[in-house]
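[1] coordinates for the following, if possible.
(2 chains)
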Amino acid sequence: MKKYRFLEHTADALFEAFGRSFEELLINSAKAMCFVMYEPEKVEPKEKILVKVRGENNEVLLHNFLSAVLFEIQSREMIFKKFKILSCSRQYAEIELQGEKIDREKHELKSDIKAVTWHEFFVKAEEEDKWIARVLIDV
Amino acid sequence: MSFKNVSGGIWEIPKEKEMLVPARVYGTEKIVNAIEAGALQQIKNVAYLPGIQKYSIALPDCHYGYGFPIGGVAGIDYETGVVSPGGIGFDINCGVRLVKTNLTEKDIKPKLKELLDSLFGAVPAGVGGKSKLRLNKDELSEALETGSKYVIEKGFGWEKDLAHTEENGGMQGADASKVSDKAMKRGMPQFGTLGSGNHFLEIQRVSNIYNAEVAKKFGLEEGQITLMIHCGSRGFGHQVASDYLDGMVKAVGKYKINVPDRQLACVPIASNEGQDYLAAMKCAVNYAFCNRQVIMHWVREVFESVLGQDAESLGLDLLYDICHNVAKEEMHEIDGKARKLLVHRKGATRAMPAGRKENSADFASTGHPALIPGTMGTSSYVLVGTETGLAETFGSVAHGAGRVMSRHEAMRRKKGEEVKRDLEAKGELIKGASLNGLAEEMPEAYKDVDEVIESVEAAGLGRKISKHVPLAVMKG
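    Numbers count the residues shown, from 1 in each chain, chains lettered A, B, ... in the order given. Now for the predicted structure:
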């Protein structure tokens, strides 16, 4: 299964992410968002950061999770390669981010991002094992 | 889409469904016909906002955004209307600053590469660009509530820079207690950084003067070197906008406000949520003024060290610093009466004509300079506002060329190396924090800036004063 695909948008980065479960959708959405900022290959999982997020439903939970990853990247000046779900329900998730401090000599960095927008944002399960999310990132 | 031509470059989309006012689009026929369907829908969506006055406004650089279109303006009644963080954007007080010099191209040509390399060394840019200036939380809070004056007192610039900055570099009413801890943590490492995307630092030459009298008052002349800085409030402003927008997405139900896109979420200006957002937004506005002030100081230092003269004798005076993502409390005439509005400008530049109280003393007789950056391969412009602009767009003009091509499409067409080579073949120097970034920002990804400026003039919204062409560009 494809993890994500980018769609056309005049100014910003619009993507659809996919997953066989909501947990996988969370991970693939984070990977798509990070792909806008950097190439993940050379990032080593040296440090672990625990992120705890809440949301009143799946949609808000995914939105809050992506915003939390962006916050960790910019406040810690780190980038991440692996995302490990420690626990996840419809309204709460604990996710371990694995990565390292940004090294401009070593890492291939692309564009900074500003925020996860609500424009056309959705999460849905087309079938029990076929989840899809649409996310527009302001760059 | 049925546009009705009102006159010249002014077009109207009539009210439909639950639109409270019609929409107006400004531009030549070519510009108006090229506006994407998605952007047109967004222009109409803005007309749903409670309290909106006159029209939902789309300027000639208008393109598809999120919530509001980019290049959108909405004047909303302060007493009865709403504030919508999506109508300001995540990059609160993204803006432009233009610095004059008394240099000509001949003076700097032999040193141009050294200047560009030194700027790249002095001004952090791109993902993970580390600032040389780290404020602690208390210092940042003071900067947020004070604005540029705070960093000038720390030695980053000259006292006289303040009178040449919109709002004198500090918006009143900023309250750091309304800002989240997260915003502080994102903002601290990025204070004094350019960022990436379309943000840049540019060495330019004035190629044309269109209005000799006003240009003289501004201190601009043909052949003169000018410097342009384009950036905003970095992760700080982005987090402030996210925090309040997320809250308002939940609060729209409470106030029974019906908007067609969650990104337009809004609350009454008079509500606690609305007032708290405005107090936090003003902190982000002040962060961005400080950011551009600190960057300008480092630019002055680079010119001093490379050219071996002090910044004062090089004439590195600030012409003006202006926001293009902001909401401002302003008085405007509605049905013959003066009314207080909260004017949302998202990708729109304020252009107040002579006679408005917003103009500082140096610009009282001309109106302040409205700075419109172009692309890294075309031109930037200085304009002034007009009475027609005041009546039509609440004193607003375009904020740039406006994108027409997605970032993906741009990267499919050309690689960053190729974009750099093409521009260098034209005689420009380019240095970017990322090659992908150069490809995404290629001049072809934007509308023709000359056509955009022609549109502003055709609609009578502003008057051209000068045109500035790039000689060396540093991209974030």
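
[2] please count neighbours and contacts with C-alpha atoms only from this point.
    Will do.

[3] is A:Glu44 in a helix, a strand, or coil?
    Using DSSP: H, G, I helix; E, B strand; the rest coil, the structure places A:Glu44 in coil.

[4] how far off centre is stretch B:384-402?
    Stretch B:384-402 has its C-alpha centroid displaced from the chain centroid by 13 Å (CA atoms, centre = their mean, to the nearest Å).

[5] and that stretch, is it in reach of chain A?
    No - between stretch B:384-402 and chain A, judged by CA under 8 Å from any CA of the partner chain, nothing touches; the nearest distance is 8.9 Å.

[6] could you dump that stretch to PDB, C-alpha only?
    Presented in PDB, the C-alpha positions along stretch B:384-402 are these (Å, rounded to 0.1, in the frame of the first residue of the first chain):
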ATOM      1  CA  VAL B 384       1.700  54.700  -3.000                       C
ATOM      2  CA  GLY B 385      -2.000  54.400  -2.200                       C
ATOM      3  CA  THR B 386      -4.900  56.500  -3.700                       C
ATOM      4  CA  GLU B 387      -8.300  57.700  -2.600                       C
ATOM      5  CA  THR B 388      -9.900  55.200  -5.000                       C
ATOM      6  CA  GLY B 389      -7.900  52.400  -3.300                       C
ATOM      7  CA  LEU B 390      -9.200  53.700   0.100                       C
ATOM      8  CA  ALA B 391     -12.800  53.500  -1.100                       C
ATOM      9  CA  GLU B 392     -12.500  50.300  -3.000                       C
ATOM     10  CA  THR B 393     -10.100  48.000  -1.100                       C
ATOM     11  CA  PHE B 394      -9.900  49.800   2.300                       C
ATOM     12  CA  GLY B 395      -6.500  51.100   1.100                       C
ATOM     13  CA  SER B 396      -4.900  47.800   0.000                       C
ATOM     14  CA  VAL B 397      -2.800  46.700  -3.000                       C
ATOM     15  CA  ALA B 398      -1.300  43.500  -4.100                       C
ATOM     16  CA  HIS B 399       1.500  41.900  -2.000                       C
ATOM     17  CA  GLY B 400       3.600  40.200  -4.700                       C
ATOM     18  CA  ALA B 401       3.300  38.500  -8.100                       C
ATOM     19  CA  GLY B 402       1.100  35.700  -6.800                       C
END
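
[7] buried stuff in that stretch?
    Using 16 or more other CA atoms under 10 Å in any protein chain shown as the test for burial, stretch B:384-402 gives B:384-387, B:389-390, B:392-402.

[8] need the contact list for the closest residue to chain A within chain B.
    Closest contact between chain B and chain A, by CA to the nearest CA, is at B:Ser406 (4.1 Å). Residues near B:Ser406 by CA atoms under 8 Å, 6 or more residues apart in numbering or on different chains: A:8-12, B:440, B:445.

[9] residues near the nearest residue to B:Asn211 once chain neighbours are set aside, how many?
    In this structure, B:Asn211 finds its nearest non-sequential neighbour in B:Ile465, 5.0 Å apart by CA to CA, 6 or more residues apart in numbering or on different chains. A count of nearby residues for B:Ile465, using other CA atoms under 10 Å in any protein chain shown, gives 22.

[10] what helices and strands are in contact with the longest helix along chain B?
    Using DSSP state H, we find that the single longest helix of chain B is helix B:272-307. Contacts defined by 3 or more CA pairs under 8 Å, 6 or more residues apart in numbering or on different chains; DSSP states H and E place helix B:272-307 against helix B:112-122, helix B:137-146, helix B:148-153, strand B:224-231, helix B:234-251, strand B:267-268.

[11] can you put these in a markdown table and add distance to chain A and mean pLDDT?
    Shown next, in a markdown table, are these (distance: least, CA to the nearest CA, whole Å; pLDDT from 0 to 100):
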| stretch | distance to chain A | mean pLDDT |
| --- | --- | --- |
| helix B:112-122 | 13 | 97 |
| helix B:137-146 | 13 | 98 |
| helix B:148-153 | 22 | 98 |
| strand B:224-231 | 12 | 98 |
| helix B:234-251 | 6 | 95 |
| strand B:267-268 | 16 | 97 |
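
[12] returning to what we had before: okay, the angle between the following helix or strand past the longest helix of chain B and strand B:224-231?
    Following helix B:272-307 in sequence order, the next helix or strand is strand B:318-323 (DSSP states H and E). With axes from the mean of the first three to the mean of the last three CA atoms, to 10 degrees applied, the angle from strand B:318-323 to strand B:224-231 works out at 30 degrees.

[13] nearest to B:Ala34, of the helices and strands packed on helix B:272-307?
    Proximity to B:Ala34 (CA to CA) singles out strand B:224-231 among the helices and strands packed on helix B:272-307, at 26.2 Å.

[14] tell me the confidence at the residue of chain B closest to chain A?
    According to the prediction, B:Ser406 has pLDDT 91.

[15] so how far is B:Gly197 from the residue lying farthest from the centre of chain A?
    In chain A, the residue that sits farthest from the middle, by CA atoms, centre = their mean, is A:Glu105; the gap is 24.1 Å. A:Glu105 sits 20 Å away from B:Gly197, going by CA to CA, to the nearest Å.

[16] same deal with B:Lys137?
    From B:Lys137 across to B:Gly197, the span is 27 Å (CA to CA).

[17] repeat for A:Leu86
    Taking CA to CA, one finds A:Leu86 at 34 Å from B:Gly197.

[18] who's more crowded, those two?
    Set A:Leu86 next to B:Gly197 and count neighbours by other CA under 10 Å: B:Gly197 wins out with 27 against 13.

[19] ok but the more buried one is inside a helix, no?
    No - under the criterion used here (three-state DSSP), B:Gly197 is coil, not part of a helix.

[20] contacts only, for it.
    A:111-112, A:139, B:437, B:441, B:476.

[21] quickly name whichever of those is closest to A:Glu16.
    Nearest to A:Glu16 among the contacts of B:Gly197 is A:Val139, at 16.3 Å by CA to CA.

[22] helix or strand: which one has B:Val452?
    helix B:449-458.

[23] likewise for A:Val36?
    Secondary structure from DSSP H and E places A:Val36 in helix A:22-37.

[24] tell me which other helices or strands that helix touches.
    strand A:4-7, strand A:13-19, helix A:58-76, strand A:78-88, strand A:130-138.

[25] try it again with 6 Å
    Secondary-structure packing of helix A:22-37 (3 or more CA pairs under 6 Å, 6 or more residues apart in numbering or on different chains; DSSP states H and E): strand A:13-19.

[26] which residue is the nearest non-sequential neighbour of B:Val452?
    Nearest non-adjacent residue to B:Val452, counting by CA to CA, 6+ apart: B:Pro60, 5.5 Å away.

[27] surely that neighbour is in a helix?
    No - under three-state DSSP, B:Pro60 sits outside any helix and is assigned strand.

[28] neighbours around it, how many?
    32.

[29] this completes my enquiry, with thanks.
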